[in-house]
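J.: Quick check, what structure comes out for this input:
(chains A and B)
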Amino acid sequence: MSSERRKPYPFDQIEPKWQAIWEKQQVFHAPNPGEKGFNAAKPKFFILDMFPYPSGAGLHVGHPEGYTATDIVARYKRTRGFNVLHPMGWDAFGLPAEQYAVKSGQHPAVTTRENVAKFKRQLKRIGFSYDWQREINTTDPKYYKWTQWIFLQIYNSWFNPETKRAEPISTYRGTDPDSVRLAYVAEVPVNWCPELGTVLANEEVVDGKSEVGGFPVVRRPMRQWILRITAYAERLIDELDELDWPEGIKLLQRNWIGRSEGAEIDFPVAGIDDPGGQSGYKLRVFTTRPDTLYGGTFLVLAPEHPLVDRIVTEEQWPAVREYRERTARKSELERADLSKEKTGVFTGAYAINPATNQKIPIWIADYVLLGYGTGAIGGVPAHDDRDLEFAKKFGLPVVIVVQPTTDVPAIGFTGEGIAVNSPIINDLTSAEAKKKITAWLEEHGLGKRAINYKLRDWLFSRQRYWGEPFPIVWEDGKHRALDEKELPVVPPALDDYKPTGTGEPPLAKAKEWIRYSVNALRETNTMPQWAGSCWYYLRFCDPRNDERFVGEEAERYWMGGPKPGGVDLYVGGTEHAVLHLLYSRFWHKVLFDLGCISKPEPFQRLVNQGIILGEDNQKMSKSRGNIVNPDDVIDQHGADAFRCYEMFMGPLEQMKPWSMRGVEGVARFLARVWRLLMTENQAGKWELSGRIKNIDPTKAQQKVLHATIKKVTDDIESFSFNTAISQMMIFVNALTNIETIPLSAMRTFLILLNPFAPHIVSELWEQLNAKFVEVRGDITQQTWPPYDERLLAEDEVEVVIQINGKLRDRIKMPIVATEEELKAAALSNQKIQDRIAGKTVRNVIVVPRKLVNIVV
RNA sequence: GCCGAUGUGGCGAAAUGGUAGACGCAACGGACUUAAAAUCCGUUGGGCUGUAACAGGCCCGUGCCGGUUCGAGUCCGGCCAUCGGCACCA
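T.: Below you'll find the model as predicted:
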């Protein structure tokens, strides 16, 4: 025996052995319709993991948590007779590889290749049943050719508000198609990070600093590509309803999109030189509370509002200009700082409240945002916290128009109540008042019902090297799409990946590459990392197709089914709850509208895994030094123990700490399974135990076996993998130390365990096959066992006797005992008699097979 | 501030409104062993009581307070704590 600690079972030999067999025989390859080996009689099941960004650090134990869960489901579904699509790939564009290139001069493609190889080796070691023939990489020109192609579809479409669908731009009848394209260019204030030399999306900025690196971020206007996701706001909210996602995630998306119903109301601006007359200008405000219109005592415009220039008086101009400049210098963060006092400046102009016909002052203030609603609000200080604060600070009048129905002060009351001081709607509830006043406004041409969304259009360009180039060229200051025949647009090789520092992307350094023709220059921005992950699940259906982004038949098959979403199961972390899932849904809907794909939604069922903490209960991080590497765990305990522990820790969705001791416990369980079937001979070699015999299981063994089949089946269906493993432990404990082990029970058990611990099961199954010839192929060819309810039932059950709900005794009763019999048995029980002596039995509750509760 | 999730032994956790703590870890005791490791068997929420000892008995206990119910970890109302998201969105 070597000095190294002896392995409880030879996982270090059997795991590589079976992984090699699976690979050689391509056991987990799922053929497409029309391909060799495709079985059209089977239903499909598409199980998707969120594919990783292959970082240099390799996997940590958080990655394989969801991957293990999906692998269990994939292996289970195959035994249930499904064609299972279970692919893996790499989301490999992104900033870390580029920053590494800046430091080392090594091309990002090289680093990416190395990192992918590392990730892949690590994943393979865990024994996941991916169809590696479908592996994809977002940085592969054969892949991003189609990312660029999809961008072209988006660019060449517009959202028709009549049909509420994307349509080819050729169907647009207006004069300026560029103004309605789903991909458009605009000069917008962006988050410019001087340190990274790039613009960042809002979501990449945390507390005024870059998410990557933590560098300061400032606002600066730049020309950017933007995708018109807001056109889909309504559908992105409404079509969540039919998806099987956690309600919390749906809510997160709904809140992010932020739908508000209300009204737009026009306030005529009074004449500037003649305040009694009309200037001809109208100010449109958006409000969710049109019922408070009578309480509107002032208007506030966003400082950047275009009408400010027209209406401001000579006298107020210097103050207004000064305020606007001050606002412009503020970062998004400073502007949004809630703790600061309200600021603002009077424009000198007045508007007419269309309900009261009173003249009210027009102010500008930075708490009103240009990007939301109309960029102007009606100040109703009595019933809006912000307006009240503003009115108090600047001494503006406060008029109560909603009476609370409970005993709270009316000033500052923002809830629903009864309308007062509002002639048209007095005494109505807020809901009724909203309807009536909106109808009245519409009737008089003063306003209309309106819906607004918080969602902003998607800033889609990045000043980076390591991303998809846009298939766009510029000529005479105008953009133009390349023909799809010119795809892929491959980025040029560069010696120097450094940001230019001017905001111009690194691609601008490739002087030859950017010169597309004599008159045309290439777009030098690249797409954000989200682009590749927006549609990768579609490519998995048909990853080698050179004619189309996904073959029509393959798409219809794998994305098919009766529900709106095509992927049957999608597992990943909550960190993508909003952005990735929203962006994907948006692209998917565009492609659906254009008739490119068959389903309106990408992901039918979504499950989030919880994060795994270090042994110290802290988030895993390099600085804390508490990162657990799967390789180390597998070296010590094997891949099967690793997989089982990942699932045994607790509910999948929950956050939970890692424990090496816990891994040992699960490893012991697998070793017990091993020794149930195997014994070590004199020479120290493992061989099949003589205890395994082809005999009928006892009644007790039948019972625990069928209880295990039932529990494991139900638990896999409900994603309760931890309790499935518990039940299998109970089964093994029940069979430990018995003299003969029935072969049939063992075979059934191995099929149950296989999705969780496929290597050890494959080996044991092979050992059984070698001795007992009656069977039927490899473990991967078996079908899932059914269970028999009748075998679960006992003749006798323990029945609890309670007095006033408190446990007092337990008795054995035949399972068939009637309520009357149970009642009689309980009341005649000696302990119970002693306790209820001298008391009146007022009621007896009997739950057959469970309990009797005597109320005295 | 608003929205959401979570709160159960020393620890990870189980419990269709019906025996709280399954299963696992740790700890302790025992068997095997020259010994240790491994393995196997057993004990293990807290308090009180009880016996020579074993047994037995009683009370308390699922973040806190209240409610519904014959019966609440589970349902309802109100708090507290932790985590996550949003945050002047009119």
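J.: hey, C-alpha coordinates of stretch A:438-452 in PDB?
T.: C-alpha atoms of stretch A:438-452 as PDB (Å, rounded to 0.1, in the frame of the first residue of the first chain):
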ATOM      1  CA  THR A 438     -58.900  62.100 -17.800                       C
ATOM      2  CA  ALA A 439     -62.000  61.800 -19.800                       C
ATOM      3  CA  TRP A 440     -62.700  65.400 -19.200                       C
ATOM      4  CA  LEU A 441     -59.200  66.400 -20.400                       C
ATOM      5  CA  GLU A 442     -59.600  64.300 -23.500                       C
ATOM      6  CA  GLU A 443     -62.900  65.800 -24.300                       C
ATOM      7  CA  HIS A 444     -61.500  69.300 -24.100                       C
ATOM      8  CA  GLY A 445     -58.300  68.500 -25.900                       C
ATOM      9  CA  LEU A 446     -56.200  69.300 -22.900                       C
ATOM     10  CA  GLY A 447     -54.700  65.900 -22.400                       C
ATOM     11  CA  LYS A 448     -54.900  62.200 -22.800                       C
ATOM     12  CA  ARG A 449     -54.400  58.900 -21.200                       C
ATOM     13  CA  ALA A 450     -50.700  57.900 -21.300                       C
ATOM     14  CA  ILE A 451     -48.400  55.100 -20.200                       C
ATOM     15  CA  ASN A 452     -44.700  55.600 -19.400                       C
END
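J.: burial count for A:C193?
T.: 24 (other CB atoms under 10 Å). C-beta coordinates here come from the backbone N, C-alpha and C atoms, glycine included.
J.: Please list all residues in contact with the residue in the stretch 401-550 of chain A positioned nearest to RNA strand B.
T.: Nearest residue of the stretch 401-550 of chain A to RNA strand B: A:K454, at 3.6 Å (CB to the nearest atom of the strand). Contacts for A:K454 were tallied using CB atoms under 8 Å, 6 or more residues apart in numbering; they are A:256-260, A:372.
J.: From A:R643, how far out is A:D385?
T.: 52 Å (CB to CB, to the nearest Å).
J.: phi, psi of the spatially most central residue of chain A?
T.: In chain A, the C-alpha nearest the mean C-alpha coordinate belongs to A:A577, at 3.0 Å (CA atoms, centre = their mean). Main-chain torsions, A:A577, degrees, to the nearest 10: phi -60, psi -40.
J.: With A:I836 instead?
T.: Dihedral pair for A:I836: phi -100, psi 0, per degrees, to the nearest 10.
J.: residues contacting it?
T.: Contact partners of A:I836, counting by CB under 8 Å, 6+ apart, are A:803, A:827, A:854, A:856.
J.: how does it look with 7 Å?
T.: Counting by CB atoms under 7 Å, 6 or more residues apart in numbering, A:I836 makes contact with A:803, A:854, A:856.
J.: Now list the buried members of those.
T.: Among these, those buried by neighbour count (16 or more other CB atoms under 10 Å) are A:803, A:854.
J.: Please tabulate the contacts of A:I836 in CSV, including the columns secondary structure and distance to RNA strand B.
T.: Shown next, in CSV, are the contacts of A:I836 (DSSP: H, G, I helix; E, B strand; the rest coil; distance: CB to the nearest atom of the strand, whole Å):
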residue, secondary structure, distance to RNA strand B
A:I803, strand, 9
A:I854, strand, 8
A:V856, coil, 9
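J.: Just name the lowest-scoring one in the contacts of A:I836, pLDDT-wise.
T.: Ranked by pLDDT, those bottom out at A:V856 (81).
J.: Distance of that one relative to A:I836?
T.: Counting by CB to CB, the separation of A:V856 from A:I836 is 5 Å.
J.: can you list residues touching both of the two?
T.: Joint contacts of A:V856 and A:I836 (CB under 7 Å, 6+ apart) are A:I803.
J.: what's the following helix or strand after the helix or strand of chain A with the lowest mean pLDDT?
T.: Taking mean pLDDT, DSSP states H and E as the measure, strand A:205-206 is the helix or strand of chain A with the lowest mean score, a mean of 68. For strand A:205-206, the following helix or strand on the C-terminal side (DSSP states H and E) is strand A:209-210.
J.: give me the residue from the stretch 751-856 of chain A nearest RNA strand B.
T.: Using CB to the nearest atom of the strand, A:G805 is the residue of the stretch 751-856 of chain A that sits closest to RNA strand B, at 2.7 Å.
J.: Could you find the closest non-adjacent residue to that residue?
T.: A:N853 (6.1 Å; CB to CB, 6 or more residues apart in numbering).
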